[in-house]
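J.: Generate a structure from the sequence data that follows.
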Amino acid sequence: MKARGWQVFNPAIYLVSILPGAGVWLLARPTGDNLSALILGTLAVVLLQHAINLLNDVSDWRLGADVKKRDSWVRFHNENLHMTGLHGWSSFLAGGLLGLGALALTGRFWILGFALPMIALGYLYNAGRRPLSYTRLGEWVTGLCYGPGVAGCLWLLTGQSINTTAVLVMLAFAGLAVSLLLSHQPPQIETDRQAGKHSFAVRYGARQTYQVSRGLFGMFLLTYGLALWLSRHTTITLAVFAAMAILAIYQTLQPPLGPKRILLPASTVIVTSLAVVLVTP
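T.: Presented below is the predicted three-dimensional model:
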């Protein structure tokens, strides 16, 4: 059965790439070309995530992990792996070109020294007969790509140097990305095990996976809150962030835990804090 466009696209999942851009803006407050570079860089990350989603579906289909997945991009392309791969690599190329455009705006091509190894990890996450996503390194790769890779490079695009706040930002979005990944794994334990996938959930079971996912979400809130405090945001911003963080934790404690239980509270915390910053002097 062919998956419909709205079923397979799942727009909410791209929040994990948009939130680091919003979070970095909230802390760095770039202007001019630095702001334009941040916007372009965030759009590039979204396109790269889209590419990885497509290529991951191709890899899983070939290895037998997601043949029953109804919202697979492979099903959307009528089980045509070549067309799905072409779609993925087109998005990868578009994201890469947009990223180069962001670097060209500021002339900071040296950031490629940090970005290219992370892009290579993203490629290896899905590549070959034994992708990194099928090994014990899968969750670590996700954290590296979204922490130093996405949040770190976006931070550098704004003209900021690596300092304590930057490290906290990288830890925050690494934690958020891995929390999201873990929340997605338990329903797929059996098919992943049959395909030889050594995901965290396959190794440790659903209960512990959900516990660690919640813990990493808490780490995201704690480290980002500390970053706000270090950047000397107003008391009202910190108070609103703390209040929204408490509500977000409450939401993740309600079963069943899944990607939306992670992404929507995280988005609410960041967007609400952003709104407070915009309306207060």
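
J.: alpha carbons only for contacts and neighbour counts from here, please
T.: Will do.

J.: low pLDDT regions in the stretch 101-250 of the chain?
T.: Along the stretch 101-250 of the chain, the model assigns pLDDT under 70 to no residue.

J.: repeat that with 80
T.: Judged against pLDDT under 80, the low-scoring parts of the stretch 101-250 of the chain cover residues 126-129.

J.: helix, strand or coil for residue 126?
T.: The three-state label for residue 126, taken from DSSP: H, G, I helix; E, B strand; the rest coil, comes out as coil.

J.: how deep is it tucked in, by neighbour count?
T.: Using other Cα atoms under 10 Å, residue 126 has 23 other residues around it.

J.: What of residue 79?
T.: Using other Cα under 10 Å, residue 79 has 17 neighbouring residues.

J.: buried ones in the one helix or strand residue 84 maps to?
T.: Using DSSP states H and E, residue 84 sits within helix 81-106. Neighbour-count burial for helix 81-106, with 16 or more other Cα atoms under 10 Å as criterion, is recorded at 81, 84-85, 87-89, 91-92, 94-96, 98-103, 105-106.

J.: where along the stretch 151-281 of the chain do the helices fall?
T.: Counting by DSSP state H, counting those that start in this stretch, the stretch 151-281 of the chain has these helices, from start to end: 153-157, 164-184, 189-194, 200-204, 206-230, 235-252, 259-279.

J.: any chance of these in JSON lines, plus mean neighbour count?
T.: Supplementary listing: the helices of the stretch 151-281 of the chain in JSON lines, determined by neighbours: other Cα atoms under 10 Å:
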{"stretch": "helix 153-157", "mean neighbour count": "25"}
{"stretch": "helix 164-184", "mean neighbour count": "25"}
{"stretch": "helix 189-194", "mean neighbour count": "17"}
{"stretch": "helix 200-204", "mean neighbour count": "18"}
{"stretch": "helix 206-230", "mean neighbour count": "20"}
{"stretch": "helix 235-252", "mean neighbour count": "17"}
{"stretch": "helix 259-279", "mean neighbour count": "17"}
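
J.: Relative to residue 122, which of those helices is closest?
T.: Closest approach to residue 122 among the helices of the stretch 151-281 of the chain (Cα to Cα): helix 164-184, 13.4 Å.

J.: Keeping just the C-alphas, turn the closest one into PDB.
T.: As requested, C-alpha coordinates have been extracted for helix 164-184 and formatted as PDB (Å, rounded to 0.1, in the frame of the first residue of the first chain):
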ATOM      1  CA  THR A 164      30.700  27.600  28.200                       C
ATOM      2  CA  THR A 165      27.400  28.700  26.800                       C
ATOM      3  CA  ALA A 166      28.200  27.000  23.500                       C
ATOM      4  CA  VAL A 167      29.100  23.800  25.200                       C
ATOM      5  CA  LEU A 168      25.800  23.800  27.100                       C
ATOM      6  CA  VAL A 169      23.900  24.400  23.900                       C
ATOM      7  CA  MET A 170      25.600  21.500  22.200                       C
ATOM      8  CA  LEU A 171      24.800  19.200  25.200                       C
ATOM      9  CA  ALA A 172      21.200  20.400  25.200                       C
ATOM     10  CA  PHE A 173      20.400  19.600  21.600                       C
ATOM     11  CA  ALA A 174      22.500  16.400  21.700                       C
ATOM     12  CA  GLY A 175      20.300  15.300  24.600                       C
ATOM     13  CA  LEU A 176      17.100  16.300  22.800                       C
ATOM     14  CA  ALA A 177      18.000  14.500  19.600                       C
ATOM     15  CA  VAL A 178      18.900  11.200  21.400                       C
ATOM     16  CA  SER A 179      15.900  11.500  23.700                       C
ATOM     17  CA  LEU A 180      13.700  11.700  20.500                       C
ATOM     18  CA  LEU A 181      15.500   8.800  18.900                       C
ATOM     19  CA  LEU A 182      15.000   6.600  22.000                       C
ATOM     20  CA  SER A 183      11.300   7.500  22.300                       C
ATOM     21  CA  HIS A 184      10.900   6.200  18.800                       C
END
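
J.: Distance from the chain centre to it, please.
T.: Averaging C-alpha positions (Cα atoms, centre = their mean, to the nearest Å) puts helix 164-184 8 Å from its chain's average.

J.: roughly how far apart are residue 147 and residue 279?
T.: In this view, residue 147 and residue 279 are 29 Å apart by Cα to Cα, to the nearest Å.
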